[in-house]
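S.K.: 3D, please:
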Amino acid sequence: MTTTPSSEKRNSPARGVYLLPNLITIGSMFAGFYVIILSADGNFERAAWFILVSGILDGLDGKVARLTGTSSKFGVELDSLADVIAFGVAPGVLMYTWALRDFGKLGWLAAFLFVACGALRLARFNVQVSTVESRRFVGLPIPAAASIIATCVLLFYELGGSGTVRQVSIMLLIYVLALLMVSNVSYYSFKDPALFKRQPFFFLVLAIILLISIVAKPVYMLFTIGCLYLISGPIWTLKLKKTEKKLQSMDPVGDEDL
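M.R.: Model (predicted):
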């Protein structure tokens, strides 16, 4: 059977890429690469800020693509590669040069574990994106893990610290973040359609108070928000398991068909 030119056109792969969302993704990748350069130069505070800049750009590219109808498979793959650099390699290098170098092999192995678990988290997300409900993530999202690292560094300098730090607690934080990324702990994704519906007036007041607090003390508030999100996953997961057990106990067991 012969094919018509119109059918060949429909079956041929699409050529070209959408510029706007992919440029934002490249901007996120650039910010992550700049974090590595700044970390190598010892400018750790500025490097931490650029991790947060990368996080903002990472949140924008997907929204811009959906709003403008420019989503594509190419953009999805590029976004994952950019995330590995911006939220995996960049914070890993930052933490090694800032806090883990003096631990020798244990230090760089901890940094690599963070990078590896972040890459595994992204790969699992891409595989499960169509099977997991949109309102939750399975495992700590890698941008959240990178943001917690960034705010930890910023808090150190906000409290008057200087230079580098050598604390076992920093290494433990890296291990906790790495393991949570590849865990089955559920985290809220903030993609719940209910968020865009009418909400009680009190929620608006609460949002304004939160915004004012962030503007007044950005480092303290961002670090606090990151820590609250970190512990929210295990709490939510325990609550979900408790609800599931309660529902299972309410199901009739051993009933026979009449």
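S.K.: now do the buried residues in the helix or strand in which residue 111 is found.
M.R.: Element membership for residue 111 (DSSP states H and E) is helix 105-128. For helix 105-128, a neighbour-count test (16 or more other C-beta atoms under 10 Å) marks 107, 110-111, 113-115, 117-122, 125 as buried. Bear in mind the C-beta positions are built from the backbone N, C-alpha and C, glycine included.
S.K.: equivalent analysis for stretch 51-63, please.
M.R.: 51, 52, 53, 54, 55, 57, 58, 60, 61, 62.
S.K.: also stretch 236-248?
M.R.: residue 237.
S.K.: surely residue 185 is in contact with residue 141?
M.R.: No: counting by C-beta atoms under 8 Å, residue 185 stays clear of residue 141, with 11.1 Å between them.
S.K.: who touches both of the two?
M.R.: Overlap of the contact sets of residue 185 and residue 141 (by C-beta atoms under 8 Å, 6 or more residues apart in numbering) is empty.
S.K.: picking that back up, closest to residue 100 among the buried residues of stretch 51-63?
M.R.: Nearest to residue 100, judged by C-beta to C-beta, of the buried residues of stretch 51-63 is residue 51 at 16.2 Å.
S.K.: where's residue 187, which helix or strand?
M.R.: strand 186-188.
S.K.: that strand pairs with which strands?
M.R.: Strand 186-188 sits in its sheet next to strand 136-138 (antiparallel), going by DSSP bridges.
S.K.: tell me the helix or strand right after the partner strand.
M.R.: Assignment by DSSP H and E places the next element after strand 136-138 at helix 142-158.
S.K.: of the buried residues of stretch 51-63, which is the nearest to residue 209?
M.R.: residue 52 (21.4 Å).
S.K.: element containing the closest one, please.
M.R.: Going by DSSP H and E, residue 52 is part of helix 44-67.
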